[in-house]
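1. Here is a sequence together with a model predicted from it:
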Amino acid sequence: MVAKQSIFLIVTLCALVYITFGTDVFDTSFTDEQYAALVAMTKLYLGSAIYCFVVSELAKNYSQVDKFWSLIPIAYVWYFTYASGYNDRMMMMAVLVTLWGARLTYNFARRGGFSIYFWKGEEDYRWVEVKASMPFLSSRFTWGLFNLFFICLYQMGLIFLFSLPILAAWQGSEPLGIMDYVIGGIMFLLIVIQYISDQQQYDFQTEKYRRIENNEKLDGDYKRGFVTTGLWSFSRHPNFTCEQLIWITFYSLSASANGTYLNWSIVGCILLVILFVNSAIFSEGISSRKYPEYKKYQENVPMFLGPFNTKWK
């Protein structure tokens, strides 16, 4: 299952990139300044991906990309903004991405994701599950290939692509207007909601493990093992839901700049949605095996958005 998902994601990435840049479906004509900035940031993407691969292989810690996830989009958007001469719309987009990145960096750091030793930090538990579910990855060589092509090149490439609506916005000629402020306000609201959902999860996990360490009674969600209150009573993944919507609204700002609903940079948010759906499915498979009541939770609360039943417990 994991192997098929990984292959599907890589093939989808290649297909959408080819359709976007290798055909006449979209207008991808750039000025010399825009093309030069794109080349510079492509070099940053490739260099960062190779760095993540080398460090993860040497340190045997395969969450190096996670350390870049919240930081490198900030570098991308500010570089494009600088190269544009600080276009008004791009300035707003860059500020919003910076707020998004600051929130995510804070949440990642407090969970032990960073270390003063740059190659260390908490590793995503799902990589252990991936290895266990795919025996052919147990060899050093095959895991190295998976690490290079999927963990590093694919995921870093995805980050680069969902940041590129800022370049598409640079191509646009529409002046900054009320719709941009509305879209920007929605994106900011989604960042706030995402912060709240992560805080609720953090508070729950902190209290759960405190009770376990002190041999205290576990009841309610603490007995179930997972949080079902607050935003988590409306969605099984409110943080994932916001993450997808954040980058869709980010893309919408580029659509506003071009005066059209569809432009070439939509490929990034499409790929992000596909990744998060597959990631949620994989994570829920782990949770269903770990927590007996998780399937009941799945039956009553939507994965992302949809009808829910708050009286299921």
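-> It's in.
2. Phi and psi next, for L176.
-> When read as degrees, to the nearest 10, the backbone of L176 gives phi -60, psi 130.
3. hang on, isn't it packed against D88?
-> Yes. Under the criterion of Cβ atoms under 8 Å, L176 makes contact with D88 at 4.7 Å. Yep, even glycine has a C-beta here, placed from its N, CA and C like the rest.
4. which element follows the least confident helix or strand in the chain by mean pLDDT toward the C-terminus?
-> Comparing helices and strands within the chain by mean pLDDT, DSSP states H and E singles out helix 126-133 as the least confident, with a mean of 69. On the C-terminal side of helix 126-133, the nearest following helix or strand under DSSP states H and E is helix 140-146.
5. what's the average pLDDT for that following helix?
-> Predicted confidence along helix 140-146 averages 84 (mean pLDDT).
6. what does stretch 182-192 give?
-> 98.
7. what do you get for stretch 100-111?
-> Here the average pLDDT along stretch 100-111 is 94.
8. likewise stretch 231-241?
-> Averaging pLDDT along stretch 231-241 gives 96.
9. Now find how far off-centre that stretch is within its chain.
-> Chain-centre distance of stretch 231-241: 15 Å, with Cα atoms, centre = their mean, to the nearest Å.
10. Buried residues in that stretch, which are they?
-> Buried residues in stretch 231-241, counted by 16 or more other Cβ atoms under 10 Å: L231, W232, S233, S235, R236, H237, P238, N239, F240, T241.
11. same check, this time on stretch 80-97
-> Across stretch 80-97, burial judged by 16+ other Cβ under 10 Å covers F80, T81, A83, S84, N87, R89, M90, M92, M93, A94, L96, V97.
12. Pick the one among those closest to Y18.
-> The shortest gap between Y18 and any of the buried residues of stretch 80-97 belongs to F80, at 23.0 Å (Cβ to Cβ).
13. secondary structure element for that closest one?
-> Per DSSP H and E, F80 falls inside helix 72-83.
14. Low-confidence stretches in the stretch 1-150 of the chain?
-> For the stretch 1-150 of the chain, applying pLDDT under 70 flags the ranges 1-6, 129, 131-137.
15. Break down it into its helices, ranges please.
-> 2-21, 32-59, 64-69, 72-83, 88-110, 126-133, 140-146 (DSSP state H, counting those that start in this stretch).
16. tell me the angle the longest one makes with helix 72-83.
-> Direction vectors for helix 32-59 and helix 72-83, defined by axes from the mean of the first three to the mean of the last three Cα atoms, to 10 degrees, enclose an angle of 160 degrees.
17. what about helix 32-59, distance to the chain center?
-> Relative to the chain's own centre, helix 32-59 is displaced by 18 Å; criterion: Cα atoms, centre = their mean.
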